[in-house]
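Trainee: The following comprises the amino acid sequence and a computationally predicted model.
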Amino acid sequence: MSKPEQIRADFAAIGALNVERMTRRDLTLRVLGALAPAADPLAVAFCNAHTAEIALRDKTYREALGRFCVVNDGIGLEIAVRILERRGFPENLNGTDFIPTLFAVLPKGTRIYLLGAAPGVAAEAGRRFVERFPHLELVGAQHGYFRAEEEADVVQAVAAAKPDILLVALGNPAQELFIARHFDALGAKAMFGVGALLDFAAERVARAPVWMRKARLEWAFRLAQEPGRLLRRYTIETAAFLIAVLRLRVLEEAR
Ligand code: UDP
């Protein structure tokens with residue numbers, strides 16, 4: 001199996017944020033490389049316009065993402081790099097679609113830990129994953145509504161379970177900050193911030209119909225479901241992100 005170094009590094013720079021230009025296959029090979037004995041642990045962030053907007057204005061988050069393989073998720077990032085580099089990404093990569101395709105090709109006995117979402121959701125998602133991918137071993141499921149003073153115990157429980165793959169579903173930016181804070185202590189070989197994946201997998205939240213996903217309108221479906229939480233994100237924050245991108249482009253041209 002290919003090692004991570006064999007995959008050509010190609011980044012799109014959105015200001016100080018580097019997003020890798022990768023196909024699903026490249027990312028799968030990168031993860032399989034991280035599962036090899038003695039390989040360095042890998043953390044993956046699926047970066048959408050919301051994540052990128054936070055990263056551009058928040059140094060702590062940007063620095064946390066420095067240890068991640070950051071890949072592109074959604075139409076906002078695609079528009080941003082076309083504005084900045086006149087070249088899009090090879091594929092759209094989001095956790096909800098990528099993780100099941102990864103699970104399908106993981107070696108037999110790969111140990112999976114699910115962390116995040118409301119009580120009961122991670123366990124239910126795990127049950128369904130193992131039913132669908134019986135070659136995987138679920139070694140832990142923990143909800144994501146623990147108190148700050150319980151965080152050390154949560155990290156210890158993950159490490160004790162010795163997972164190969166850890167999915168963290170705490171929302172952005174909390175999930176990436178959690179992974180960065182405990183990068184080595186978690187002891188997982190590959191870690192992913194996966195947003196609402198566990199809710200989808202446990203069928204607690206409905207996904208957009210396939211035609212909407214294909215038209216890259218999944219955001220509109222989610223907005224209709226959760227307008228209170230998402231309206232600001234999809235209007236003001238997206239506009240702020242695109243304005244920041246346009247400013248970067250103007251600065252680039254003035255050089
Ligand atoms: N979540 C959690 N603990 C928290 C806050 C959120 O486990 O303190 C979970 C929430 O239940 C959901 C996921 O994090 O399963 C958030 O996913 P989503 O992609 O909807 O959030 P976003 O990243 O868009 O803010």
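Mentor: Happy to help now that I have it. Residues are numbered from 1 along each chain as shown.
Trainee: Just give me the neighbour total for whichever residue of the stretch 51-200 of the chain sits closest to the ligand.
Mentor: Going by C-beta to the nearest ligand atom, the ligand is nearest to Gly144 of the stretch 51-200 of the chain, at 2.1 Å. All C-beta spots, glycine's among them, are computed from the backbone N, C-alpha and C. Counted with other C-beta atoms under 10 Å, the neighbours of Gly144 add up to 21.
Trainee: Show me what from the chain comes close to the ligand.
Mentor: Proximity of the chain to the ligand, by C-beta under 6 Å from any ligand atom, involves residues 116-118, 144-145, 169-172, 195-196, 198-199.
Trainee: so of these, which ones are in strands?
Mentor: Judged by DSSP state E, those include Gly116, Ala169 as members of strands.
Trainee: Kindly give a single PyMOL line that selects the buried subset of the residues of the chain next to the ligand.
Mentor: Buried subset of the residues of the chain next to the ligand, written as a PyMOL selection, criterion 16 or more other C-beta atoms under 10 Å:
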select buried, resi 116+117+144+169+170+171+172+195+196+198+199
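Trainee: Lowest pLDDT pick from the residues of the chain next to the ligand?
Mentor: Model confidence across the residues of the chain next to the ligand bottoms out at Asn172, which has 92.
Trainee: all helices for the stretch 1-150 of the chain, in order.
Mentor: Counting by DSSP state H, counting those that start in this stretch, the stretch 1-150 of the chain has helices at residues 24-35, 49-57, 59-65, 75-85, 95-105, 121-132.
Trainee: What mean pLDDT does the longest helix seen in the chain get?
Mentor: Taking DSSP state H as the criterion, the chain has its longest helix at helix 238-254. Mean pLDDT, helix 238-254: 91.
Trainee: List the buried residues in stretch 129-147.
Mentor: Buried-residue list, stretch 129-147, by 16+ other C-beta under 10 Å: Phe129, Phe133, Leu136, Leu138, Val139, Gly140, Ala141, Gln142, His143, Gly144.
Trainee: Oops, could you answer that again for stretch 96-113 instead?
Mentor: For stretch 96-113, using 16+ other C-beta under 10 Å, the buried residues are Thr96, Asp97, Phe98, Ile99, Leu102, Phe103, Leu106, Thr110, Arg111, Ile112, Tyr113.
Trainee: which residues of this protein score low on pLDDT?
Mentor: 1-9 (pLDDT under 70).
Trainee: what's the span of stretch 51-69, first residue to last?
Mentor: For stretch 51-69, the first-to-last residue distance is 14 Å (C-alpha to C-alpha, to the nearest Å).
Trainee: related to what we said a few turns ago, ranking the helices of the stretch 1-150 of the chain by burial, who's on top?
Mentor: The highest average neighbour count among the helices of the stretch 1-150 of the chain, using mean count of other C-beta atoms under 10 Å, belongs to helix 49-57 at a mean of 23.
Trainee: In terms of secondary structure, what does that helix contact?
Mentor: strand 17-20, helix 59-65, helix 75-85, helix 238-254 (3 or more C-beta pairs under 8 Å, 6 or more residues apart in numbering; DSSP states H and E).
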